[in-house]
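J.: Below is the structure, and that's it, no one-letter string:
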């Protein structure tokens, strides 16, 4: 019996689990119910279970017939602060909270993969570390798990994660050779001038006008300073200034994000970013305060793993459409786990326009075709076995 045969037998279980998590969404670092179900399931499967990692994270250690190599499988758990509008019978029962990105399915896939591999414990040529992560949605959950020691005792030799992807239909998969998702930086800038009356701007130093000049100038970074064959995004997404129509404020603030795939491109963007803000503000007699915080590294697949996993996908789904060059400027904090560990991130097409299941991630009507789930289960499970058996990084 193939992995897909077994995953199809588990189809109802996988969907039932996914719908249960969907009914009971929990935001970042609040995933207590989800974590408890995961811990109970992994314990029943005979894994060594650790709970409370980075607050609500769960780790299940499945030791095979040999101790190494070690493969880390990551599944994120958190929902989003969105009021659901799908109208499905398994819709969120919690007001203002919704699994609008598919993490409910990731947990369900992880538990089903656990069932398949636990049943093969005696034939697993290594150790599999199941990691159920909190707070992927901007909460820094992966980094907190790394800081809590998820990459130790035992240290993984390989890492893998997946994401259902509603931009593409069921049957499509992406195994990108190199950077697949952008690294993300979050910035916040305060421009301080001199407040005054709107009728007498010559007696003031207007931080609003200065901010406008800066925002316009920042858009030249990607058009003038970055090679067109590279990719970068500089987006100002929030601007705050003023309290009344006739008062020039003392200060203005704006914030946003920088996205890049390559470290040298990020360095160039940041250098120009600081230079533009400081010099424009100086020319307008304003002072600046700039803060920059890394949200994620780029998600960069190890050169050898996409080729290995492509063969797995073709074996599981011979009709698969496989994209080896798919990239998105979206970010993923799994990058903190795979930054020093050879890793592979897989996109699994989940949309079905004929059924109206093609709303984008983070939309109040987001939902996907659950037909993709058995294939995801089989691919991750079979891929885990192949990575451990082939051990491509072994000397």
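T.: Looks like it came in fine. Here the structure is a predicted model, which means the values were calculated and not measured. Residues are numbered from 1 along each chain as shown.
J.: give me the number of residues near residue 152?
T.: 9 (other Cβ atoms under 10 Å). (Each C-beta comes from the backbone N, C-alpha and C, glycine too.)
J.: how far away is it from residue 337?
T.: As judged by Cβ to Cβ, to the nearest Å, residue 152 and residue 337 stand 12 Å apart.
J.: Report the contact partners of the closest residue to residue 55 other than its chain neighbours.
T.: In this structure, residue 55 finds its nearest non-sequential neighbour in residue 29, 4.7 Å apart by Cβ to Cβ, 6 or more residues apart in numbering. When contacts are counted by Cβ atoms under 8 Å, 6 or more residues apart in numbering, residue 29 touches 55, 56, 78, 134, 135, 139, 141.
J.: Same list, those residues, but as CSV with secondary structure please.
T.: As requested, the contacts of residue 29 are arranged in CSV below (DSSP: H, G, I helix; E, B strand; the rest coil):
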residue, secondary structure
55, coil
56, coil
78, coil
134, coil
135, coil
139, coil
141, helix
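J.: So which residues of the stretch 1-150 of the chain form strands?
T.: Listed in chain order, the strands of the stretch 1-150 of the chain (DSSP state E, counting those that start in this stretch) span residues 48-53, 57-63, 70-76, 127-133.
J.: Compare the ones you listed and give me the one nearest residue 379.
T.: Residue 379 lies closest to strand 70-76 among these, at 11.7 Å (Cβ to Cβ).
J.: Which strands or helices does that closest one pack on?
T.: If you count contacts as 3 or more Cβ pairs under 8 Å, 6 or more residues apart in numbering; DSSP states H and E, strand 70-76 packs onto helix 103-118, strand 127-133, strand 158-169, helix 372-390.
J.: avg pLDDT for the second one?
T.: For strand 127-133, the mean pLDDT works out to 98.
J.: same question, the third one
T.: Model confidence over strand 158-169 averages 98 on the pLDDT scale.
J.: Tell me where the longest helix sits in the chain.
T.: helix 263-283 (DSSP state H).
J.: pLDDT wise, what is the residue nearest to residue 55 at?
T.: Value listed for residue 29 in the pLDDT field: 97.
J.: For residue 105, see how far away it is.
T.: From residue 29 to residue 105 the distance is 20 Å (Cβ to Cβ).
J.: can you check residue 124 too?
T.: Per Cβ to Cβ, residue 124 is found 24 Å from residue 105.
J.: Of those two, which one has the most company?
T.: Between residue 124 and residue 105, counted using other Cβ under 10 Å, residue 105 has the larger neighbour count: 28 against 20.
J.: And for residue 365, the neighbour number?
T.: 17.
J.: can I assume it is in contact with residue 86?
T.: Yes. Assessed by Cβ atoms under 8 Å, residue 365 is found in contact with residue 86 at 5.3 Å.
J.: Can you list the low-confidence ranges for this protein?
T.: Residue ranges of the chain with pLDDT under 70: 395.
J.: at 90 instead, please
T.: Scanning the chain for pLDDT under 90 picks out 1, 65-68, 138, 340, 393-395.
J.: where does the most centrally placed residue in it fall, phi/psi-wise?
T.: Most central in the chain under Cα atoms, centre = their mean is residue 332, positioned 2.6 Å from the mean C-alpha point. Phi and psi for residue 332, reported as degrees, to the nearest 10, are phi -150, psi 130.
J.: Next up, the contacts around it.
T.: 136, 161, 163, 181, 296, 299, 345.
J.: ok, what's across the strand from the third one?
T.: The residues listed as beta-bridge partners of residue 163 by DSSP bridges are residue 347.
J.: How many residues are close by it?
T.: 27.
J.: That one: what's it in contact with?
T.: The contact partners of residue 163, by Cβ under 8 Å, 6+ apart, come to 102, 106, 332, 345, 346, 347, 348.
J.: how close does it get to residue 322?
T.: Distance from residue 163 to residue 322, by Cβ to Cβ: 15 Å.
J.: just the fifth one next, same as before
T.: Distance from residue 296 to residue 322, counting by Cβ to Cβ: 25 Å.
J.: between the two, who's got more neighbours?
T.: residue 296 (25 against 16).
J.: where exactly do the helices run in the stretch 151-300 of the chain?
T.: Applying DSSP state H, counting those that start in this stretch to the stretch 151-300 of the chain gives helices spanning 207-218, 220, 263-283.
J.: Please identify the most buried of these.
T.: helix 207-218 (a mean of 20; mean count of other Cβ atoms under 10 Å).
J.: and that helix, what does it pack onto?
T.: Here helix 207-218 is seen to pack against strand 183-192, strand 232-241, strand 251-260, helix 263-283 when contacts are counted using 3+ Cβ pairs under 8 Å, 6+ apart.
J.: Could you say which one of these comes nearest to residue 172?
T.: The closest of those to residue 172 is strand 251-260. By Cβ to Cβ, the value is 23.1 Å.
J.: which residues are contacting that closest one?
T.: Under Cβ under 8 Å, 6+ apart, the answer for strand 251-260 is 182-193, 207-208, 210-211, 214-215, 230-242, 266, 269-270, 273, 295, 298, 329, 331.
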